[in-house]
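In: What follows is a predicted protein model with its sequence.
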There are 2 protein chains.
Amino acid sequence: MSAALGMDSRLTDDHHESLRLWLRLLTCTHLVETHVRKALAKQFKTTLPRFDLMAQLERAPHGLQMGELSRRMLVTGGNVTGIVDQLERSGLIVRTEDPADRRAYLVKLTKEGRRLFAQMAAEHESWIIKLFSGIPKREQRALHESLSRLRGQLTRDTP
Amino acid sequence: MSAALGMDSRLTDDHHESLRLWLRLLTCTHLVETHVRKALAKQFKTTLPRFDLMAQLERAPHGLQMGELSRRMLVTGGNVTGIVDQLERSGLIVRTEDPADRRAYLVKLTKEGRRLFAQMAAEHESWIIKLFSGIPKREQRALHESLSRLRGQLTRDTP
DNA sequence: GCCATATACTTTATATTTAAACTATTGACA
DNA sequence: TGTCAATAGTTTAAATATAAAGTATATGGC
């Protein structure tokens, strides 16, 4: 993630409500990210983007093209190249020839990658549940729904 | 920001609700960030972290220490050093001696920095308002409140 | 079939970001 | 007062991240 537009604890009244909402969204995301990043580093000696990429592959047993990874992770193609390089060097994923398109690869988890990811995913989920545990389930569902509407807006209107 | 944990459009049912909420939060934040980053680059030839840092200073006329910038922006100190270097080289901010502590600087906007920031802030706010315009004000307020509760959780329990 | 254009991926240059090590100064306290 | 841990900031190395340019392959129209 990029930077936060600042702790939103001292905004003056002349800031518009949408702006304040955005800053709060950014702060929350940043706080969770920092927590998860440190936990991944400490417990698994890995990083958030690598975990993210493996999470994508785990849901796609037949593999994903680089471009599809890029779209799903919301990062540029060049970025994906670098992270795939790292994970491939570690033996956790492999680039496979795409039989349907000689320009493309199908990236897949190796057996070792699947094994390791299963461990990390379980821990990761428990961290998230703990971090969100102070928000009642009812409110979490409402939040989720509002954010879904927002995501719809963002993907529909601003291509 | 770091990477998204993936488009949350194809989660399977076995994912816990908190995890889904987190992924949606991350996706929304990432989409807005990408939009704002591109707009800042296009219209002002600048970046999000530089804009963010200037936004912090604009609200602190007497200046801020590097460490205070780091805390408010939720990034590490080394990161702040780099961004301050850039902005200082461009003449938009200055490092001032802190009369109370010879280890510290007070970083301030220059006149040119204030002038430019005023322009950027106005545009920035209009972008945000537009991006969030599909969400009713009522729902925006509810979102803001839920996120406030979440932020409270995140800053209280996970130091 | 041939060619223009688009797509898939990599490379390059630059900026952001973290963690950890380092320097300088402060502040607490025996 | 002298010492020593804590604090403020920088530097370093490595990983992300973007945008833009480059390479190779597909695809669609002629």
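Out: Nice, I can see it.

In: Let's verify A:Gly91: helix, strand, or coil?
Out: Recorded secondary structure, A:Gly91: coil (DSSP: H, G, I helix; E, B strand; the rest coil).

In: now it: how far from DNA strand D?
Out: Per CB to the nearest atom of the strand, to the nearest Å, A:Gly91 is found 15 Å from DNA strand D. In short, each C-beta sits where N, CA and C put it, glycine included.

In: Just give the number of residues close to that residue.
Out: Per other CB atoms under 10 Å in any protein chain shown, the neighbour tally for A:Gly91 reads 12.

In: same deal with A:Arg71?
Out: By other CB under 10 Å, 16 other residues sit near A:Arg71.

In: Does whatever helix or strand it lives in reach chain B?
Out: Using DSSP states H and E, A:Arg71 sits within helix A:66-73. Yes: counting by CB under 8 Å from any CB of the partner chain, chain B is contacted by helix A:66-73 at A:Arg71, A:Arg72, A:Met73.

In: Which secondary structure elements does that helix sit against?
Out: Contact partners of helix A:66-73 among helices and strands, from 3 or more CB pairs under 8 Å, 6 or more residues apart in numbering or on different chains; DSSP states H and E: helix A:48-58, helix A:77-89, strand A:105-109.

In: what's the most buried one of these?
Out: Scoring the helices and strands packed on helix A:66-73 by mean neighbour count under mean count of other CB atoms under 10 Å in any protein chain shown gives helix A:48-58 as the most buried, with a mean of 22.

In: List of residues touching it?
Out: Residues outside helix A:48-58 that contact it (CB atoms under 8 Å, 6 or more residues apart in numbering or on different chains): A:33, A:36-37, A:40, A:44, A:63-64, A:69, A:72-73, A:75, A:79-80, A:83-84, A:86-87, A:92-93, A:107-109, A:113-114, A:116-117, A:120-121, A:124, B:2-6.

In: for chain A, which helix is longest?
Out: The longest helix of chain A (DSSP state H) is helix A:17-44.

In: Let me know the angle separating that one from helix A:48-58.
Out: 90 degrees (axes from the mean of the first three to the mean of the last three CA atoms, to 10 degrees).

In: What residues does chain A have near DNA strand D?
Out: Proximity of chain A to DNA strand D (CB under 7 Å from any atom of the strand) is limited to residues A:1, A:47-50, A:74-79, A:82-83, A:86, A:101-103.

In: And the residue nearest the centre of chain A?
Out: A:Asp52 (5.0 Å; CA atoms, centre = their mean).

In: what separates that one from DNA strand C, distance-wise?
Out: A:Asp52 is 15 Å from DNA strand C, where distance means CB to the nearest atom of the strand.

In: Repeat that for A:Val32.
Out: 13 Å.

In: What is the burial count for that residue?
Out: A:Val32: 22 surrounding residues under other CB under 10 Å.

In: Spit out the contact partners of it.
Out: Contacts for A:Val32 (CB under 8 Å, 6+ apart) come out as A:Ile128, A:Leu131, B:Trp22, B:Leu25, B:Leu26, B:Leu154.

In: can you redo the residues you listed as JSON lines with pLDDT, distance to A:Glu145 and neighbour count?
Out: Output for these, formatted as JSON lines (pLDDT from 0 to 100; distance: CB to CB, whole Å; neighbours: other CB atoms under 10 Å in any protein chain shown):
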{"residue": "A:Ile128", "pLDDT": "97", "distance to A:Glu145": "18", "neighbour count": "22"}
{"residue": "A:Leu131", "pLDDT": "96", "distance to A:Glu145": "20", "neighbour count": "21"}
{"residue": "B:Trp22", "pLDDT": "97", "distance to A:Glu145": "15", "neighbour count": "28"}
{"residue": "B:Leu25", "pLDDT": "97", "distance to A:Glu145": "13", "neighbour count": "26"}
{"residue": "B:Leu26", "pLDDT": "97", "distance to A:Glu145": "16", "neighbour count": "26"}
{"residue": "B:Leu154", "pLDDT": "92", "distance to A:Glu145": "21", "neighbour count": "20"}
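
In: I appreciate the help and will end here.
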